[in-house]
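Novice: build me a model from this:
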Amino acid sequence: MYWTAWGSLSLAAVLSCTAAYMGYAMGQRARWREVLIVVSGLLALTAAVLSASTGTPGHSSQVPTLYVVMLSCIFAVSFGGPFTELIFRLAARNDSELSRKESDPSPLRGGLWIGLLERAAIVSTLWAGWPEGIAIVLAVKGLGRFSELKDHRAAEQFILGTFSSSLVAAGSYGLGLLLL
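Specialist: Next up is the predicted model:
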């Protein structure tokens, strides 16, 4: 069961990298991207359940720790972006202020790169055994965006993006711990 969990997380990382590669997709391509993200999330959940259900320590000799750390970091960075966009799309579904004519409904610029760096920094501080680093990462992000948060939509997007990115990074670290 351990190797099935490892394979599930590996496949989830590959699918999330594919979804991240698709970028800002429109139309039919956007649907495929959403499907990839949902399947990737389900595979990661399957990996967590299988890893937790084995409950037998001693698997760390089968897979080097470096591979587990790398896979969890890759999954955090690649899954977080498309997952956060899916959260934004679900949150904006009932937003009457969002006009269809806008090419980029995002009031915050640079969110893709900030999110990538945020997830990489959070999962790295967790793997380094320094969870206090999360507070520093989030404080720097908040200070950098402070002047832009007067707009209601920007504040909402900031909160949703920060929460979803942080949860994906922490969840990826937890998956890695389960695989060790």
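Novice: ok, now which ones touch the residue nearest in space to the middle of the chain?
Specialist: In the chain, the centroid-proximal residue (C-alpha atoms, centre = their mean) is residue 80; its distance is 2.0 Å. Residue 80 makes contact with 115, 116, 119, 164, 165, 168, 169, according to C-beta atoms under 8 Å, 6 or more residues apart in numbering. Placement of C-beta: from N, CA and C, glycine included.
Novice: centre of the chain to the helix or strand where it lies, how far?
Specialist: The secondary structure element spanning residue 80 is helix 65-92 (assigned by DSSP states H and E). Centroid separation for helix 65-92 versus its chain: 2 Å, with C-alpha atoms, centre = their mean, to the nearest Å.
Novice: average pLDDT for it?
Specialist: pLDDT averaged over helix 65-92 equals 90, rounded to a whole number.
Novice: now the helix or strand following it, how far from the chain's geometric center?
Specialist: Per DSSP H and E, helix 65-92 leads on to helix 111-127 as the next helix or strand towards the C-terminus. Taking C-alpha atoms, centre = their mean, one finds helix 111-127 lying 9 Å from the centre of the chain it belongs to.
Novice: burial count for residue 129?
Specialist: Neighbour count of residue 129, defined by other C-beta atoms under 10 Å: 7.
Novice: which SS state does it fall under?
Specialist: Assigned with DSSP: H, G, I helix; E, B strand; the rest coil, residue 129 falls in the coil class.
Novice: contact partners for residue 62?
Specialist: Counting by C-beta under 8 Å, 6+ apart, residue 62 makes contact with residue 2.
Novice: who's in contact with residue 179?
Specialist: With C-beta under 8 Å, 6+ apart, residue 179 has these contacts: 2, 5, 6, 9, 47, 51, 59, 63, 68, 71, 72.
Novice: just the buried ones from these?
Specialist: Members of the contacts of residue 179 that pass the buried threshold by neighbour count (16 or more other C-beta atoms under 10 Å) are listed as 2, 5, 6, 9, 47, 51, 59, 68, 71, 72.
Novice: kind regards, and thank you for your time.
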